[in-house]
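Student: pasting the sequence and the predicted coordinates here, then a few questions.
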Amino acid sequence: KIDHVFDLNDTNINLKQQIGMHLIYCLTFDPSKDITAWMKALKSDPQVVYAEPDHYYYADLVPDDPLYPEQWGLKNTGQAQPYGGGLDVGTPGADINAEPAWDIQTGSGSVTVAILDEGVDLSHPEFAGRLLPGYDFVDVDNDPSPVGDGAHGTACAGIAAAANDGVGTVGVAWNVMILPVRVLGPSGGTWLQVSNGITFAGDEGAHVISMSLGGTGFSSTVETAVNYAYALDAVILASAGNNNSNNGTTPYYPCGYTNCISVGALSPCNDRKTPSTCDGEFWWGSNYGGGLDFMAPGTRIYTTDISGVAGYTPTNYTTTFNGTSSACPFAAGIAALLRSEDPSLTNAEIRTIMQASCTDLGATGYDDDTGYGRLDAYQALLEAGGSVYGNEFTIQNLGNLDLSVNSITSGAAWLSSSGYPATPFTITPGGGQMVTVEVNWPLLGGVQSTSTITVISDDPDEPSVEITVTAIPSDLPDLIVEDPSI
């Protein structure tokens, strides 16, 4: 079925025709058909100026959970409360850029994040309806609940995946499933327990495995388990450690294994967490080096606690969770968003996307202190969608003679255009040609930038026309084209 998109009544009919609205059609077809094949066929037809699917717009998503305004790791407004009291601290914008990411993806119920830790509170309302049957490798039973005050795993699960339910806090990936695997007891966990937990998570189909644990001993058994889960295409992440030491000098595991992502901790003031950073937690610092991948928020974190009086506090939430233990589930949540957005992405591709989309910190490019930089959920999702986000402008021929377009060029490396015939091409009188504007977001480095696209034609009055394009990495709209029609 083919219909005109716009109502072509007599109201402003001349303007509608001038803009070309009478030439835009809606094609409705059987939903069982392959839309990708249809799009390719339409775009290859020289009579078709452009073809695009009918997507949705949605209201901008911001959680209504009451503690969300305090979660600087998701949106940093300088609101972090330092240890010992005093004025709030933080660098606004030094966060994982979650809000625009949630307009793209909030997590899919078909994606599973395994939390290998002290267990997860199975009765916590933030996880209701999203907990899969797990296992306890410490007590060797089917109940992966925490024991005593062992709230560490519950806190990690909340960072990665607490619900957007109008209560308490919110996690990075609201809607994913959670696989609780208890591998740590009050005295820690053995290599065998951790290895069995990793293998179990892989066998259960976990897409992401988050491990906020580690030590300085190398284990071939644990590495074998990591390699096994990796071969099953799991994204495996672990905390870099909290000794303020160089993992390149004193290796730390499991983050140090080749197939495991190493996550360091960021302070609210946009630097590697050290004993002297603005948060005031003087007794620890994030490890660095040794193949560190990137940084995520790691101190003064609001997240879930064991329900009731057990755990860190007598409430269901804690306000001061810290360590690279908190950084790791932030990264795991972003990995889960990527898996939700594009299930075809491999674990290696997700690691590369997360690295490439980071906001650079410290020395230019990769450095031992901060790895590839601060994780950016929004940029990662854009990268997963092909590294570009498009907008368009239309070249119209309002004259009585053919218009020859000789060239279309961009003024910056991050800016390009596509969707039109090879230049030179001709636009007949009354016709138009859509041009798609594309931005390579990682090249912007998180900085708002403006450049131009120049159209050269044989128009005697305006042989050269410049289109100003502004790219805004963090706020919607993301791409502003000065003149949508020329």
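Tutor: That came through, no problem.
Student: what residues are up against the closest residue to residue 287 other than its chain neighbours?
Tutor: Nearest residue to residue 287 in three dimensions, chain neighbours excluded: residue 241, at 3.8 Å (Cβ to Cβ, 6 or more residues apart in numbering). The C-beta positions use only the backbone N, C-alpha and C, and glycine is treated the same way. Residues near residue 241 by Cβ atoms under 8 Å, 6 or more residues apart in numbering: 214, 247, 252, 255, 286-287, 324.
Student: ok, residue 441 touching residue 381?
Tutor: No. Under the criterion of Cβ atoms under 8 Å, residue 441 is not in contact with residue 381, lying 10.1 Å apart.
Student: where does the nearest residue to residue 94 once chain neighbours are set aside land in three-state SS?
Tutor: Using Cβ to Cβ, 6+ apart and skipping the chain neighbours, the partner closest in space to residue 94 is residue 270 (3.6 Å). Here residue 270 is coil, with the state taken from DSSP: H, G, I helix; E, B strand; the rest coil.
Student: distance check, residue 270 against residue 374.
Tutor: Relative to residue 374, residue 270 is positioned 7 Å away (criterion: Cβ to Cβ, to the nearest Å).
Student: equivalent analysis for residue 469, please.
Tutor: 26 Å.
Student: do residue 10 as well
Tutor: Remark: distance between residue 10 and residue 374 (Cβ to Cβ) = 56 Å.
Student: neighbour count for those two, which is higher?
Tutor: Each of residue 10 and residue 374 has its neighbours counted (other Cβ atoms under 10 Å); residue 374 has more, 24 against 7.
Student: what's the first-to-last distance across stretch 219-239?
Tutor: Distance across stretch 219-239, first residue to last, is 16 Å (Cα to Cα, to the nearest Å).
Student: and stretch 64-76, by the same measure?
Tutor: End-to-end for stretch 64-76, by Cα to Cα: 16 Å.
Student: pull the distance from it to the chain's centre.
Tutor: On the basis of Cα atoms, centre = their mean, to the nearest Å, stretch 64-76 sits 17 Å off its chain's mean C-alpha point.
Student: ok, now stretch 426-433?
Tutor: 40 Å.
Student: distance between the ends of it?
Tutor: 9 Å.
Student: likewise stretch 185-198?
Tutor: 16 Å.
Student: quick one: mean pLDDT over it.
Tutor: Averaged over stretch 185-198, pLDDT sits at 90.
Student: ok, residue 350 to residue 235 distance?
Tutor: As for residue 350, its distance to residue 235 is 5 Å (criterion: Cβ to Cβ).
Student: those two: which has the busier surroundings?
Tutor: Legend: neighbour count by other Cβ under 10 Å for residue 350 and residue 235, higher for residue 235 (30 against 24).
Student: bridged to the more buried one, which residues?
Tutor: Beta-bridge partners recorded for residue 235 (DSSP bridges): residue 208.
Student: ditto for the one 4 residues further on
Tutor: Residue 239 has the following beta-bridge partners by DSSP bridges: residue 263.
Student: what is the neighbour count of it?
Tutor: 30.
Student: go ahead and confirm residue 105 touches residue 339.
Tutor: No. Taking Cβ under 8 Å as the definition, residue 105 is not a contact partner of residue 339, at 9.6 Å.
Student: the two: who's more crowded?
Tutor: More crowded of residue 105 and residue 339, by other Cβ under 10 Å: residue 339, with 28 against 24.
Student: what helix or strand does the more buried one sit in?
Tutor: helix 324-341 (DSSP states H and E).
Student: run the chain-centre distance for that helix.
Tutor: 8 Å.
Student: export it as PDB, just CAs?
Tutor: The C-alpha trace of helix 324-341 is given here as PDB (Å, rounded to 0.1, in the frame of the first residue of the first chain):
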ATOM      1  CA  THR A 324      36.700  -0.500  41.900                       C
ATOM      2  CA  SER A 325      34.000  -2.900  43.100                       C
ATOM      3  CA  SER A 326      31.500  -0.200  42.300                       C
ATOM      4  CA  ALA A 327      33.200   0.800  39.000                       C
ATOM      5  CA  CYS A 328      33.000  -2.700  37.600                       C
ATOM      6  CA  PRO A 329      29.100  -3.000  37.600                       C
ATOM      7  CA  PHE A 330      28.800   0.400  36.000                       C
ATOM      8  CA  ALA A 331      30.900  -1.000  33.100                       C
ATOM      9  CA  ALA A 332      28.900  -4.200  33.100                       C
ATOM     10  CA  GLY A 333      25.700  -2.200  32.900                       C
ATOM     11  CA  ILE A 334      27.000  -0.400  29.800                       C
ATOM     12  CA  ALA A 335      28.000  -3.800  28.200                       C
ATOM     13  CA  ALA A 336      24.400  -5.000  28.900                       C
ATOM     14  CA  LEU A 337      23.000  -1.900  27.200                       C
ATOM     15  CA  LEU A 338      25.200  -2.700  24.100                       C
ATOM     16  CA  ARG A 339      24.100  -6.300  24.100                       C
ATOM     17  CA  SER A 340      20.500  -5.200  24.400                       C
ATOM     18  CA  GLU A 341      20.800  -2.700  21.500                       C
END
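Student: and it, what's its mean pLDDT?
Tutor: Helix 324-341 comes out at a mean pLDDT of 97.
Student: so who does residue 289 touch?
Tutor: For residue 289, the contact set (Cβ under 8 Å, 6+ apart) comprises 246-249, 368-369.
Student: what pLDDT does it get?
Tutor: What the model reports for residue 289 is a pLDDT of 97.
Student: excluding chain neighbours, what is closest to it?
Tutor: residue 248 (3.6 Å).
Student: touching, the one you found and residue 367? I think so.
Tutor: No. Contact between residue 248 and residue 367 fails when scored by Cβ under 8 Å: they sit 11.8 Å apart.
Student: hang on, the earlier thing: okay, and the common contacts of residue 350 and residue 235?
Tutor: In contact with both residue 350 and residue 235: 335, 339, using Cβ under 8 Å, 6+ apart.
Student: and for residue 325, the neighbour number?
Tutor: Residue 325 has 27 neighbouring residues, counting by other Cβ under 10 Å.
Student: I meant to write residue 26 there.
Tutor: Using other Cβ under 10 Å, residue 26 has 11 other residues around it.
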